[in-house]
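Engineer: with the input below, show me the fold.
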Amino acid sequence: MHLVAQDDEYFGDHLARISHDIQAGIRFHQALSNQGIFPPYLVGMVKVGERTGTLDKVMESLAAHYEHEDYLRHELRDALTYPLILVIMVAAVVLVITSKILPVFGGILSDAGVHMPAVATALMHLGIFLLNKLGWLVGIPLAGGMVFWAWKATASGKEAIDRFKARTGLLDGLFSKVYMARISTVMWYALESGLDVASALEMAAQVVGNGYVARQLDRSRQLIQQGMDLVQSFDAAGIFPSTFVNMVRIGHKTGELPSMAQKLAGLYQEQVYRTLQSTVSRIEPALVSVLSVVMGIVLIAVVLPLISIITKIG
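Structural biologist: Okay, here's the model as predicted:
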């Protein structure tokens with residue numbers, strides 16, 4: 001830590017304090033937590049590594065995890081930047097055309113004794129309405145977002161969101177895959193180091209990052225301690241996909257549960273990365289397609305009055 005601190009300008013002071021804490025006898029995960037800047041998942045996994053004696057493997061897997069996360073974050077930013085700029089520019093152009101230009105066309109056509117096409121008329125009224133209510137259109141979503149953020153911070157709000165994320169199939173079940181990857185990874189390290197399943201689930205609950213899932217893991221752990229079969233306890237939790245439960249069943253019956261947990265960890269980590277990459281790759285084409293449709297409708301609304309004017313003049 002002391003060597004790394006000398007080469008890192010941003011984290012240097014934090015790393016130096018971590019090094020000092022470790023030399024003072026404080027556990028590594030607690031030294032990380034004391035700084036208040038590291039993700040809970042990282043701190044929790046370091047604690048798992050210390051407890052299972054696999055800190056070197058845990059740090060290597062964390063490095064790979066955050067490298068993938070950084071890569072996907074940059075990919076998402078690059079995929080969204082250009083389309084979002086286009087969305088803002090197109091929205092401004094559409095608002096000006098429908099609220100300022102189309103009324104001019106409407107006046108010209110009215111003076112010429114010609115009615116403006118229905119599509120253009122509808123867009124003109126919509127544009128004028130949006131321009132007049134622009135403050136409300138911006139303020140209401142902003143206020144709604146602030147209310148949602150405040151509700152999210154409450155105990156009931158956090159419980160509802162955690163439950164939704166654990167059970168939703170949105171984004172091809174991304175949240176569930178993330179939780180299964182974390183649970184499998186902890187089980188792999190714990191079981192490989194000789195700890196029992198109950199201890200593995202206890203540690204997994206501390207790093208899973210979802211209060212609802214953590215409580216279900218604790219429920220499974222209690223059922224196991226009461227004598228229930230491992231697979232039955234997982235079924236009772238109601239959060240594990242069938243693939244996870246079936247592979248655990250095979251590993252449990254064959255006595256290869258640690259290696260099966262390792263396979264599950266690799267499987268779900270790969271699925272998480274593929275799902276994220278697939279989602280990122282679909283964002284830009286989807287936004288461009290929507291913009292194309294909107295611009296097509298607006299252009300038609302502008303061209304139709306022009307054709308009417310030219311026809312009248314002719």
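Engineer: in this protein, spot the helix with the most residues.
Structural biologist: Using DSSP state H to assign secondary structure, the helix with the most residues in the chain is helix 257-313.
Engineer: off-centre distance for that helix?
Structural biologist: The offset between the C-alpha centroid of helix 257-313 and the centroid of the whole chain comes to 17 Å, using C-alpha atoms, centre = their mean, to the nearest Å.
Engineer: which helices and strands does that helix pack with?
Structural biologist: Helix 257-313 sits against helix 55-96, helix 102-111, helix 118-132, helix 170-192, helix 242-254, with contacts defined as 3 or more C-beta pairs under 8 Å, 6 or more residues apart in numbering; DSSP states H and E. Just so you know, the C-beta spots here come from the backbone N, C-alpha and C atoms, and that holds for glycine as well.
Engineer: list the contacts of residue 216.
Structural biologist: Contact analysis of residue 216 by C-beta atoms under 8 Å, 6 or more residues apart in numbering lists 166, 237-239.
Engineer: could you rerun that using 6 Å?
Structural biologist: Contacts for residue 216 (C-beta atoms under 6 Å, 6 or more residues apart in numbering) come out as 237, 239.
Engineer: and the angle from the helix or strand where it lies to helix 170-192?
Structural biologist: Residue 216 is part of helix 211-225 when elements are defined by DSSP states H and E. Between helix 211-225 and helix 170-192, the angle comes out at 40 degrees (axes from the mean of the first three to the mean of the last three C-alpha atoms, to 10 degrees).
Engineer: and the gap between the closest residue to residue 56 other than its chain neighbours and residue 78?
Structural biologist: Leaving aside its sequence neighbours, residue 56 sits nearest to residue 49 (C-beta to C-beta, 6 or more residues apart in numbering; 7.7 Å). If you measure residue 49 against residue 78 using C-beta to C-beta, to the nearest Å, the figure is 33 Å.
Engineer: more neighbours: those two, which one.
Structural biologist: Applying other C-beta atoms under 10 Å to residue 49 and residue 78 shows that residue 49 carries more neighbours, namely 23 against 11.
Engineer: now that one: phi and psi?
Structural biologist: Main-chain dihedrals, residue 49, degrees, to the nearest 10: phi -60, psi -40.
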